[in-house]
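Novice: Give me a model of this one.
(3 chains)
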Amino acid sequence: MNDYPQVLFKNRLPGETVTLRSYEKTGGYQGLRKALKMSPNEICELVKDSGLRGRGGAGFPTGIKWSFFPSKAPGEKYLVCNGDEMEPGTYKDRQLLRADPHQLIEGMVIASYALQATAGYIFLRYAYEECAQNVERAIAEAKAAGYLGENILGSGFALSLHVHRSAGRYILGEETALLNGLEGKRPNPRAKPPFPAQRGLFGKPTNVNNVETLANVSHIINHGPVWFQELALTIEGSGTKLFGLSGHLNRTTCFELPLGIPLREVVETYGGGIRQGRAFKACLPGGASTPYLTAEHLDLPMDFNPLEEVGSRIGTAGVTVFDETTCMVAVTRNLVQFFARESCGFCTPCRDGLPMVSWLLDKIEHGLGNHDDLCLLAKQVQNITGRSFCALAEGAMGPVESLLRLFEQELKDHIQKGQCPFL
Amino acid sequence: MSELLPQNQLDEFKAKANCADHPQELIVDLLRAIQTECGWVPDHGIDLVADVLGVLPVEVEEVATFYDKIYRYPVGKRVIHVCDSVCCWANGSEDVLDHLQKTLGINLGQTSADGLFTLLPTCCLGACGEAPAMMIGLTTYGPLTPERIDQVLAEIREEAGG
Amino acid sequence: MVNLTIDGKQVTVSKTATIYDAAKEVGINIPVLCYAKKLLPYGACRFCLVQVEQMKGRLIPACTTPVSEGMVVTTTSEEIQKVRKTVMEFLLVNHVLDCPVCDKGGECDLQDLAYEFGSISNRFEGVKFDLPTDEINPLIERNMNRCVLCGRCVRVCDEVVGYGSYSFINRGFETKIATAYDRGLNCEFCGQCVSLCPVGAILPRPFKFKARPWQIKEVDSVCGYCGNGCTVTLGVLDNKIETIRFNDEIGVNDGNLCIRGRFGYAYVNHQKRLTKPLVRKEGQLVEVEWDEALQVAAEGLSNAQNGQGVGILSGARLTNEEFFLLKNLAKTIGTDHLDHSGGECYKGVSEGLNETLGVKASTGTFPQLESCDVILAIRSDFWETHPVVGMVVNQAIRRNDAQLVVVADKRGKLTKLPRARTLLTKAGYELSILNAMSKVLLDEGLAQVDGLQNLDAFKAALSEYTPENVAQQTGVDADLLKDSARKLAGAKKSAILLAYGLPYTAQSKELAAAAANLALLAGIPGRAGSGLYLCGEKANSQGAIDLGVLPAGNGLGAQQMLTAAGEGKLDALYVIAEDPISSYPDRQMVEQAMDKVGFSVVQDLFLSATAEKADVVFPAASFAEKEGTFTNAERRIQRVRQGIKSPGEAKTDGAIISALANKLGNTLSFTGEAAIFAEIGKDVPAYAEFNYHEIGSQGVVWGGETLAPTRRNLVSVSAEQPASADYHLVTGSALYHSGTVSVHASGPLAVMPEAYVELGREDAAALGVNDGDLLKVAGNGVEIQLKAKVDNRLPKGLLFAPYHFGNAGLNKLYRGEAVVAVSVSK
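Specialist: Down below sits the predicted model:
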């Protein structure tokens, strides 16, 4: 049913995990062979040209991130794969690692070579034990085949990869918190600067990329930047994206679709439309921290820039859809509760501020709010956004800000009726 | 110490810690291993980790109490983590929780009288396409219906009973 | 340097400065809660957010953001104030507002900020914290309901103190600061967390409900205990020291203190302080007027002409000015028998360093230690004798990745620091290890030998000290020893630390010489940033050396005076600020001296064991009751300031000495300490360049930051073989006490109330001894009983007993040897 070119999911079969042999049959590790004949700098340039942007949520251009990395610095340098996929509504990396883990391994070897990293860590969340085992198996297979370890494919380049199993907390997805987690320290985020590229894991230069981002690398090397750019439907976009669908859709699975695909097509064709024939009300386009989109945005191309232009973000492209019977105040309260509970507790606005925003939303949802509470809510979005130590609290304000912007009437209805209008 | 960790595992961790440049990186692994063995991490488990890795007990404690899948208090044989994040919530996670609470006769945070189940909330499990979901041990279950929940509980009871 | 603009003012600061530092430079105060000058940037409270024109769109934390060229910063605007006020409201939602009964009220940062932002009402509602108060220890109370989670306590305990009592536990809204297992605070009680807590969450218990901060008069002085010379701020109310406060703005040693400085002040207020002079009449010491006591003393001393005359024994807690007056008095009396601190322990400085380097002091300063790459500490007790230098060592390790090597007979806090390498030796063999390290440097061609005198003889004398030989003798790994020597030689900046004092008498000169030899070979003396530190036990140990409170010409040293007195050959003894019966090695000898000497005068704060045997007892003033200068172990001359009047009729040592000199016919008089200090400069050239009134809050360091050696002479020294037995006893300092004065201070006593003997678990098990059991320890023909303290610090066969508690009679066994062969039984 998916007519678009499949890159990351091309080998994906229900309930199966691709072995090294079948991965190799479809061109696996050809990218690595090609990459090892290039200079590290050439690879960085190629990735830069491809326009690949980070798939973990922030969307920073990967090639540019790599170009900041001190690959020539002596001593240990690390590549860390961020597989702490805990953004509500996001489960794409799980699908990828269930189906085809070698793509990650190959991508990490190429990336490590490009960055001249000496070791790599794959950080996986607690719930993804199956993925951890898949990755460990893939590492063992790759090592046996000479794609990992000492003197990879006779190139002289050496790399070891390690799997780290976490023990559950959303904040670990923040890259500096993740590094603390890997080091066995309390996983609060670290101050930046210094950035991980200067002082990361164990104080050494470290580059952190998302699973899906790294999985794209071998394909870019194999087919070139122009091919990658042309995968997207928008002119400025590049590549495909894994869209994990959830919420009130008829079909809630993960699809690989081109960036730039209209939201309507995602919802109607791939999501199979809204359940029980109801109408689309809103969606979180890319996880819990991305501002809502509404029916007026259905024809927007799902890509980084178009979403930013309407005040949202594509984030992880985990699309959570809400139907017309959903109370958006209640949705937002649920989201803020999530963020408040997952706050690491380090800085004041996040630790003590988010529970207050949650308190306000709860008050309004229960019909106990007044006009002042609405004003206060709006002020808190300003007072928290951009004021906290890391991006968690700011992310929490994404849905709140868009609730105030897009659902003002719904908020007022709660106050006027003295109860939730959806009850 | 033997009730915390089988000797061979303990030796393995000690060996790893001895040759590691940064033994502290094994904290989570060691805590998880102790938990697998004991069901939770008691105070002397913290001491053991501190001892094996050469760090202070408070340095272990600040890590152990951070993660929600490390239990620093006794729990039932199986911990049921019910997802309450947005996708599951939008698909009836509150009903799932109600059903579990009624069936087990406990509230969130409590352990069933037979000591078999502890009920805890969790944030998103990455099973958003299979909402509403829960996780027991390392297995994720979803989409959940009251019937499916009863079936899972029955299977676990049988496993535990047999 | 970097140029930037803050609120329209041009600022030029170093490129490592933060926006907060830069603002402070031009007098702009940005509100902060989690920031502390001596801690690493943190950025948690979010009060210090400012606008930076080049970083539009978000507010920037001033305390963590480094400056950059051309930055344009705005520190206050309507927007910024709103955000700060909101942060305040967030904090106050759950914070208990019990300011009326909170001891911090009046100097609470949260209170001050709330006042500044006019946070009267709160738009939010939440549950107030209701956590139990931690009152399990007698010194520090923790009320976590008042905590703002700034983390300053956690950080100072880790970054500075290196103890690690605290950590954050749980997460998010439930985050709190806890001790291990949340069982309450039980630590070394330095009180650094008390000093740094911005709110009333951590408070000194002895000060609870004593006074409001604004009622307290603050007087900056120097701690009267050890040679570390930390600035203490006396908190005075109604002529009583109610607390010791902290000052990181002007203090020496960053305002860091240990338990002694922070909680050890209470002896000053002690009820048993001597308040009137005493004279022995019909066998009893009775209170008399000053004039009578002075008259009796003067007569006694002038009549002491039959044998070897008068001997003067001083402690090292007099000020430099008082030492000067004392020397003057010795001249008036006409005696050369003048000495201090038992006469032996300081010989590492006066002879060891003098013969090797031609100087009689540490060659570096404490702040320089922080940037050393390699630090060699001899004896793990260094942390116990000089805790705040220990903190600098900790900072060197944690902040600058320094390698610490400890040569010691037991483990201790130093050996537990990150990456610390311990060369654990059999007791009494430190010297052999230093010699072996010197040999390694010479044999491997790593030594800097240019200009060294006596090289060949030195090489020859080291022939037996091969690493292998020494390894076999001491139990230290030969490779580790070699590698440590190489590290020391290879460092850009390095330091060697050795403490001395009454319990470290044996081979004092030789050990210091061995350290100096090694330092010379490693190129340490005279190199900027590097240093050899010999640190005295008492507040003015260095001053006593500088001023020459030493036997003159053929004068007798302390041990000789006591021996002579015991044999009835010394006519009189004048003992000042010292309790030799309690603290000197070989108690019998001291007791006999006091019994046999014809006439004795003792001058002290308390009626000590020595004073009880005296003919005249003068009540003296404590450090808090006098003006003058102390010279600390890094040669820093600092002003001691009077905070309170002495109790009763007690007088300063200086006043007593002057009065006695007058009685003896000396008409010399000085108007105040400044005049005496100027006079000191005439005898001690190093002091001549300073003017008393110009000694600022950082003091002045004589000889400069790096004291250049005047000779480079290798002195061959060899180790004495310690006696062999199944059990060996060593003595020394314990962290909680200093000398014998602190046993009158309730703070240290609360933590360490009595004498004990410490032994390792293995020995305890073999002897069937549990913690707290009474143990019989016998050696040198004497048996004493001590409570056992069992832990895992000591190796098998070694016992340790601190020397502070005179009543325990430890010095009946200990006669100044490196180790005492003992037998132990239950």
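
Novice: Could you measure from the closest residue to chain A within chain C over to C:A361?
Specialist: Ranked by Cβ to the nearest Cβ, the top residue of chain C for proximity to chain A is C:T175, at 3.0 Å. (Each C-beta comes from the backbone N, C-alpha and C, glycine too.) In this structure, C:T175 lies at 48 Å from C:A361, with Cβ to Cβ, to the nearest Å as the measure.

Novice: Next: C:P100.
Specialist: In terms of Cβ to Cβ, C:P100 sits 52 Å off from C:A361.

Novice: Who has more neighbours out of the two?
Specialist: When C:P100 and C:A361 are compared on other Cβ atoms under 10 Å in any protein chain shown, the one with more neighbours turns out to be C:A361, at 24 against 6.

Novice: For whatever residue of the stretch 51-200 of chain A ends up closest to chain C, list the residues it contacts.
Specialist: In the stretch 51-200 of chain A, no residue comes nearer to chain C than A:A191, which is 4.8 Å away by Cβ to the nearest Cβ. Remark: with contacts taken as Cβ atoms under 8 Å, 6 or more residues apart in numbering or on different chains, A:A191 is in contact with A:F389, C:P41, C:Y42, C:G43, C:T64.

Novice: Help me confirm that the fourth one comes into contact with A:C347.
Specialist: Yes. When contacts are counted by Cβ atoms under 8 Å, C:G43 is listed as touching A:C347 (7.2 Å).

Novice: And C:K459, how close does it get to C:V449?
Specialist: Counting by Cβ to Cβ, the gap from C:K459 to C:V449 is 10 Å.

Novice: Hmm, I typed the wrong one, I wanted A:E265.
Specialist: As for A:E265, its distance to C:V449 is 82 Å (criterion: Cβ to Cβ).

Novice: Quick check: residues of the stretch 201-350 of chain A near chain C?
Specialist: With Cβ under 8 Å from any Cβ of the partner chain as the criterion, the stretch 201-350 of chain A meets chain C at residues A:A340, A:R341, A:E342, A:S343, A:C344, A:G345, A:F346, A:C347, A:T348, A:P349.

Novice: meant to ask about chain B, not that
Specialist: Close to chain C, as judged by Cβ under 8 Å from any Cβ, chain B has residues B:D43, B:I46, B:L56, B:P57, B:V58, B:E59, B:E61, B:E62, B:T65, B:F66.

Novice: Local confidence estimate at the last one?
Specialist: So the one you mean is B:F66. Model confidence at B:F66, expressed as pLDDT, equals 97.

Novice: Tell me, how many residues neighbour A:A378?
Specialist: A total of 16 residues lie near A:A378 under the criterion other Cβ under 10 Å.

Novice: C-alpha coordinates for stretch C:159-166, CSV please?
Specialist: Once side chains and other backbone atoms are set aside, the C-alpha atoms of stretch C:159-166 remain, and they are given as CSV (Å, rounded to 0.1, in the frame of the first residue of the first chain):
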residue,chain,number,x,y,z
GLU,C,159,34.2,19.7,44.9
VAL,C,160,35.9,21.2,47.9
VAL,C,161,35.7,19.0,50.9
GLY,C,162,35.9,15.7,48.9
TYR,C,163,33.7,13.9,51.4
GLY,C,164,30.5,13.4,49.4
SER,C,165,27.9,13.4,52.2
TYR,C,166,25.1,14.6,50.1
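
Novice: ok, that stretch near chain B or not?
Specialist: Yes. Under the criterion of Cβ under 8 Å from any Cβ, chain B is reached by stretch C:159-166 at C:G164, C:S165, C:Y166.

Novice: same question, stretch A:281-295
Specialist: Yes. Interface with chain B: stretch A:281-295 contributes A:L284, A:A288 (Cβ under 8 Å from any Cβ).
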